[in-house]
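1. What shape does this take:
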Amino acid sequence: MASSKMIIYQIFTRLYSNRCQTRKPFGTIEENGCGKLNDFTPSVLKQIRELGVSHVWYTGIIRHATMTDYSRYGIPRQHPAVVKGRAGSPYAITDYYDVDPDLAVDVPKRMEEFEKLVVRTHRAGLKMIIDFVPNHVARQYHSIAKPEGVVDLGANDNTRHGFDPQNNFYYCPGQQFSPYFDLYHGEKEPYQELPAKATGNDCFHNAPGQNDWYETVKLNYGVDYYAGRIGHFDPIPDTWKKMLHILLYWAAKGVDGFRCDMAEMVPAEFWAWATAQVKEQYPDVIFIGEVYNPAEYRHYLASGFDYLYDKVGMYDAMFGVLRHERNTEAITWAWQQTDDIRDHMLYFLENHDELRVASDFFVGQAEKALPALVVNVLMQQNPFMLYAGQEWGERGMDAEGFSGRDGRTTIFDYWALQTDRYNALSSYYNKVLNIARSEKVVSQGLSFDLMYVNQGYQRQYAFIRKAKKDMLLVVANFDDEPITMQLCIPAHAFDYLEINEGIYDAKELLTDTSCKVQLKRDGTTEIALGARQSVVLKI
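-> Below you'll find the model as predicted:
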């Protein structure tokens, strides 16, 4: 049982500390600037810790494809035809053993700068998570930083075979890479790939389209997709061994966990094999899986994952509730679907893939999402993740370049977040997250959903948390109008949570005000709520 709530803070590293406000669409790194690893000073990390954060997920650490030319440092230049955006996607890895040079003050010492960041992060009382991108790599993957004795991905592949269990990639023998776009992209020579490799989103032909992950190639874990997804796992595929080595390489540098990109596109058999070996050497390392198929949740947890995204359940439910497209019964339905694995589900309202809550495509105003924050953070023992900028109302409504005006913060372009980071909204986030971190009842207590006896309230949500003598009564109003609820607390809640009837002293933790609360079996408690307001009563 966790001693305190896990709060993960996702930081898109090259944007977070960038103070250049030029914001030129399609701008270069010289024009728009770029944040650096060294910007995460002890004082910056202290501020992050004081927000209530326990883990920092530094997104985009490992070197990936970019249009920025670092060839003067011996870093291979990428052909721009197969790079998305000037900065490039952090999920098109070009060298699993290297650090993104964009993030370095002194490029030749980029790994040293990363290693010092690990130390600073730990000294600040935080744990470090980085991305592990196992399903695909950049089309021009080539490691210049691999340790001695490591053979590069694809170096020994038999390219005459579309599939071979010991190949690292899948091929289209005899066929040129022929995507929908111009292969010159302003260069004198076109990008060439013969034979074409399969594309990262399971596109097993030589002509990926605009919506394919055309800048990436699919890694081969011994699954023969050409023959109906038949697995060939004995002997152990070469890709398994290479990827395990990469995990151990970063774990040895002090990384505390891996957020595993598109984990369900990699066979569970690999994860069971790899996570067991990593945890044998580094028992405290955690694995967070990006898995979207609920039917596979328990399979991947059994294969060594500690936490999984709760996207198609809780996130989608909150999306609908916040936009008044669904009633709050959707929240109850969402947690019930994963009740047996609830401690392993990672709740969030934003990440780099999803809409900013303040965008015009979500709710248009960050404050409208605050009841969802309170419910997601305080309802269960499981971890919560926020995306840097969420807490100060970043809207994601810029047309940054390759990333258009889509309500998301770009992962492809050089850009900067808004500079007003300390406001009433961020203070509210600070309050909620620190309640979660400091109140043991949140990380250790039982939870009782009150909505089955309060079904007349379709835009409100209420629950009780209880651990020993501590109790929290949490009520959230998702409506745009104020309401005074007559909240029923059923007899079953008194029995299940071992609550005694009576009049109790209570403190409302969001406003630090005191009050009296009467608790009676099958009785009602009056709760006044403003529009989109919540109360957290410590009884």
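
2. CA atoms for contacts and neighbours, from now on please.
-> Noted.

3. all strands of the stretch 251-400 of the chain, in order?
-> Taking DSSP state E, counting those that start in this stretch as the test, the strands found in the stretch 251-400 of the chain are 257-260, 286-289, 307-309, 345-348, 384-387.

4. Make JSON lines from those and add distance to Asp234, mean neighbour count and mean pLDDT to it.
-> Converted to JSON lines, the strands of the stretch 251-400 of the chain look like this (distance: least, Cα to Cα, whole Å; neighbours: other Cα atoms under 10 Å; pLDDT from 0 to 100):
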{"stretch": "strand 257-260", "distance to Asp234": "24", "mean neighbour count": "22", "mean pLDDT": "98"}
{"stretch": "strand 286-289", "distance to Asp234": "25", "mean neighbour count": "23", "mean pLDDT": "98"}
{"stretch": "strand 307-309", "distance to Asp234": "28", "mean neighbour count": "25", "mean pLDDT": "98"}
{"stretch": "strand 345-348", "distance to Asp234": "32", "mean neighbour count": "25", "mean pLDDT": "98"}
{"stretch": "strand 384-387", "distance to Asp234": "38", "mean neighbour count": "22", "mean pLDDT": "98"}
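
5. Mind putting the ones you listed into JSON lines with distance to Ala317?
-> Formatted as JSON lines, these follow (distance: least, Cα to Cα, whole Å):
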{"stretch": "strand 257-260", "distance to Ala317": "23"}
{"stretch": "strand 286-289", "distance to Ala317": "20"}
{"stretch": "strand 307-309", "distance to Ala317": "14"}
{"stretch": "strand 345-348", "distance to Ala317": "11"}
{"stretch": "strand 384-387", "distance to Ala317": "15"}
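
6. Tell me both backbone torsions, phi and psi, for the closest residue to His79 other than its chain neighbours.
-> Excluding the flanking residues, the one nearest His79 by Cα to Cα, 6 or more residues apart in numbering is Tyr191, at 6.4 Å. Main-chain dihedrals, Tyr191, degrees, to the nearest 10: phi -70, psi 130.

7. May I ask you to confirm that Tyr191 is in contact with Pro179?
-> No - the pair Tyr191 and Pro179 does not pass the contact test of Cα atoms under 8 Å, sitting 10.7 Å apart.

8. Give me the below-cutoff pLDDT ranges for the stretch 401-539 of the chain.
-> By pLDDT under 70, the stretch 401-539 of the chain contains no weakly predicted segment.

9. Equivalent analysis for the stretch 151-300 of the chain, please.
-> Scanning the stretch 151-300 of the chain residue by residue, none of them satisfies pLDDT under 70.

10. Would you map the helices across it?
-> 238-251, 268-281, 297-302 (DSSP state H, counting those that start in this stretch).

11. Can you lay out these as CSV showing distance to Val536 and mean neighbour count?
-> Below are those laid out as CSV (distance: least, Cα to Cα, whole Å; neighbours: other Cα atoms under 10 Å):
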stretch, distance to Val536, mean neighbour count
helix 238-251, 39, 18
helix 268-281, 38, 17
helix 297-302, 31, 18
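
12. Kindly reformat those helices as TSV containing distance to Tyr97.
-> Output for the helices of the stretch 151-300 of the chain, formatted as TSV (distance: least, Cα to Cα, whole Å):
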stretch	distance to Tyr97
helix 238-251	7
helix 268-281	17
helix 297-302	26
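
13. between these, which one is nearest to Tyr221?
-> Set against Tyr221 and scored by Cα to Cα, the helices of the stretch 151-300 of the chain come closest in helix 238-251, at 5.7 Å.

14. could I get that closest one in PDB with only the CA atoms?
-> Provided in PDB are the C-alpha atoms of helix 238-251 (Å, rounded to 0.1, in the frame of the first residue of the first chain):
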ATOM      1  CA  ASP A 238      17.000 -10.700 -31.400                       C
ATOM      2  CA  THR A 239      14.800  -7.500 -31.000                       C
ATOM      3  CA  TRP A 240      13.900  -8.700 -27.400                       C
ATOM      4  CA  LYS A 241      17.500  -8.900 -26.400                       C
ATOM      5  CA  LYS A 242      18.300  -5.500 -27.900                       C
ATOM      6  CA  MET A 243      15.400  -3.700 -26.200                       C
ATOM      7  CA  LEU A 244      16.100  -5.300 -22.800                       C
ATOM      8  CA  HIS A 245      19.700  -4.000 -23.100                       C
ATOM      9  CA  ILE A 246      18.300  -0.500 -23.700                       C
ATOM     10  CA  LEU A 247      16.000  -0.700 -20.700                       C
ATOM     11  CA  LEU A 248      18.900  -1.800 -18.500                       C
ATOM     12  CA  TYR A 249      21.100   0.900 -19.900                       C
ATOM     13  CA  TRP A 250      18.800   3.700 -18.800                       C
ATOM     14  CA  ALA A 251      17.900   2.000 -15.500                       C
END
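
15. Off-centre distance for that helix?
-> 21 Å (Cα atoms, centre = their mean, to the nearest Å).

16. cool, and stretch 43-62?
-> 13 Å.

17. Report the buried residues of that stretch.
-> Across stretch 43-62, burial judged by 16 or more other Cα atoms under 10 Å covers 45-46, 48-49, 51-62.

18. can you pull out the strands in the stretch 401-539 of the chain?
-> 446-449, 460-467, 470-477, 483-489, 502-508, 513-519, 523-529, 534-538.

19. For these, give me CSV that also has distance to Met262 and mean neighbour count.
-> Shown next, in CSV, are these (distance: least, Cα to Cα, whole Å; neighbours: other Cα under 10 Å):
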stretch, distance to Met262, mean neighbour count
strand 446-449, 31, 20
strand 460-467, 32, 23
strand 470-477, 33, 23
strand 483-489, 42, 17
strand 502-508, 41, 15
strand 513-519, 45, 14
strand 523-529, 40, 15
strand 534-538, 34, 24
